[in-house]
Each structure stands twice: as structure tokens, then as C-alpha cells.
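K.L.:
Give me a model of this one.
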Amino acid sequence: MTNAAGRPNLSVDELDSTGHGSLAQLLTTGPFPEALRAAIKASRLSLDRIQHRLALRGVTISVATLSYWQSGRRRPERPESLEALRHLETVLGVPQAGLSALLGPPRPRGRRSRPTTMMPIDALWARRERVANLLTKVDTSSDVKLGRISQHDRIEIAADGGQRSVWVRQILRAEQDGPDRWALVFETEQANVLPQVVNLRNCHLGRVVEDTEANIMAAEMMFDRPLTRGETIIMEYELLFAEGHYPAGNNTFARKFRLPVREYVIEVRFDQSNLPARCQQFSVPAGDETPSRRRNLALDAAGGVHAVALGFGPGVFGIRWEWPK
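P.N.:
Model prediction:
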């Protein structure tokens, strides 16, 4: 029987078609077209066969597009193209995000293209001066060296409607040698209520500073060692509030991105004894003051909602909810 989703069991150390280096090396250093060509060569699949296997996975893409991607004439940028690339990674047998991590930030498009100058970390915060003051007390030099590949936030809402915890999983990629930490900023609406940072994976706490008057905290999430260019890290941590001190958070949770993220997943899980009447995802591109896109979300059987953003940022993306009257 033919396994349509299978591929030869080949080493990723095979040379790419240009002879410029091994697939393993190119998946670390790039560039994207050379890494894709090497992965296609290692798979021993023609572009027609790759197109066929993608079609079996429900992905429609032309042979010409695949050819353009591997030649460097075009690159996947739109959400549907990034989704196709994720399936392509599976078909070619390369690690998850192995190719997409090489893309870097999306290129500007159209009249409303975002400025090429990088906005400061505090730029998207309402109380910008308070955030900027806190950030002077931690080391933020690694932030610009880290590409945002994937971000996953899961917010647990307690029976009283307050935020019990926020679980975070991030995949970051070193765009330069040397990044050794992630700078965390967190804000609550309720006075004198800030979380503890617990359940850390692939990182540990460095300096933690708080502005208790403004209910803002900043923390250094230290990597085990500095990353080299092209290296990725999967890190996890949880923001946990003390029992009985769950902030309402203005019935909203949002993530601020000063740099683009390839994939952002946000989940909000509600206590079954107290479910919201309405949930809505929203996004606010950098430079705008009000949400430009909204979408109503339906609760699932477990009492939760989620939203996904692909190729998002800079800007703010989140979920808000309303309680029954």
C-alpha cells in the first residue's frame, strides 16, 4: 500500500542542490530559498509530487508558487501561504517551524505599510512613561535580537470572573548571536495585585521589578545560555495570582507585539459555573487607536474560546468578554 503522506527516511545532513551546505545547517542559518531547495532535494520529491501530497492535506498551491519560493522570487507571507508552508514542512520531513523561522518579519505592503524604524518596547502601552521607567531597571538588549515565531497564551478565568492564571508558551529565534533573556511586561487593572512567575521551562527568573502604584511589573526570563544566530528556543512560564486576589482585568486579555509574530494563539477558559454572555476577538494595528477588526467567538463545550492570528504585528491582539446582565 502506498502511504501518500510518507517520505524517504533521509538524513538532514545531505547537501542542498547548490552544494552550499547541509540541510541541517541551512535550517539554522538560512536563507529561506536555499533551505527550501535543500529540503526538497533531501525529500527526493518532484514539485508535482509535493503539490499532490499537499492537496491530500487540503492545501491548494501551484507548482509555480513552489518554484518561486525555492528560487527566492517570492516568499510566503499571507496567512494562507504561511498555513501552506506549515504543511509543506511536514511533507518534506523538516522540523516544525524549521522553514518558517527563516522568513523574518513580513515585508511592507501598500500605502499603509508600517514604518521600518523599530518602535520602543513601551510604545504600545497606555501608561508608557511608567513602563519605560520599569524597563530601565532590567536588561532589554536581547529583545531586538529575537524573532517571534510562535506565541501561545492560555488565560484561566475563575468563578468570580477574575483572572486566575496566564500560561505562556513562546518559540523564539535568535536573529543575531548573543540573546540570553526575554523581557516580560505585565499590567493589571486592579490595585496591589500582581502575579507570581512560576512553572518555568527552559528559562529562569532574573530581575523582577514592580510599580505597585501603576500595577505593572517587568521581569527578565533568563535562558540557560546565550543563543547563536538561527538557534530557536521553546520557553514556558505561568503568571499565577494569589487565591482570592484574582483581578478582573477589565474583562479583557490582550498581547502587545512591537515586532511581528508568525503565529499567535490566545485561549480564554472560563469556569463552568460562570460563563460569559459574549466573547469577541479584536486587533489594533500599531498607530491606530481603536480596533480595526472584531470577530464574535462561540464558547466550546469546555467553556472556552480561542483565536489565532498569523503574521500579525506590530499591534495589539486580544479577546474581550461580557457577563450576563
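
K.L.:
got a list of what residue 274 touches?
P.N.:
159, 160, 161, 323 (C-beta atoms under 8 Å, 6 or more residues apart in numbering). Where you see a C-beta, it was placed from the backbone N, CA and C, and this is true even at glycine.

K.L.:
Please give me every residue in contact with the second one.
P.N.:
Translated: residue 160. Neighbours of residue 160 in contact, by C-beta under 8 Å, 6+ apart: 246, 274.

K.L.:
gap between it and residue 273?
P.N.:
Here residue 160 is placed at a distance of 10 Å from residue 273 (C-beta to C-beta, to the nearest Å).

K.L.:
Give the residues shared as contacts by the two.
P.N.:
Contacts common to residue 160 and residue 273, judged by C-beta under 8 Å, 6+ apart, are absent.

K.L.:
I'd like the mean pLDDT over stretch 87-101, please.
P.N.:
Averaged across stretch 87-101, pLDDT comes to 84.

K.L.:
State the helix or strand in which residue 37 lies.
P.N.:
Using DSSP states H and E, residue 37 falls within helix 32-43.

K.L.:
so when I look at residue 86, I'm seeing a helix, right?
P.N.:
Yes: assessed with DSSP: H, G, I helix; E, B strand; the rest coil, residue 86 lies in a helix.

K.L.:
That one: neighbour count?
P.N.:
Using other C-beta atoms under 10 Å, residue 86 is surrounded by 18 other residues.

K.L.:
now the closest residue to it other than its chain neighbours: how far from residue 153?
P.N.:
Using C-beta to C-beta, 6 or more residues apart in numbering and skipping the chain neighbours, the partner closest in space to residue 86 is residue 100 (6.8 Å). To residue 153, residue 100 is 20 Å away according to C-beta to C-beta.

K.L.:
now swap in residue 169 and tell me
P.N.:
Using C-beta to C-beta, we find residue 169 at a distance of 8 Å from residue 153.

K.L.:
Please enumerate the helices of the stretch 101-250 of the chain.
P.N.:
Along the stretch 101-250 of the chain, counting by DSSP state H, counting those that start in this stretch, helices occupy 128-135.

K.L.:
For it, give me the ranges with low pLDDT.
P.N.:
Within the stretch 101-250 of the chain, the segments meeting pLDDT under 70 span 104-118, 191.

K.L.:
counting contacts, what elements does the one helix or strand residue 65 maps to pack onto?
P.N.:
Secondary structure from DSSP H and E places residue 65 in helix 63-71. Helix 63-71 sits against helix 32-43, helix 47-56, with contacts defined as 3 or more C-beta pairs under 8 Å, 6 or more residues apart in numbering; DSSP states H and E.

K.L.:
Which positions in that helix come out as buried?
P.N.:
The neighbour-count check on helix 63-71 (16 or more other C-beta atoms under 10 Å) flags 65, 66, 69, 70 as buried.

K.L.:
For the first one, which non-adjacent residue is spatially closest?
P.N.:
Once flanking residues are discounted, residue 65 sits nearest to residue 74: 7.1 Å by C-beta to C-beta, 6+ apart.
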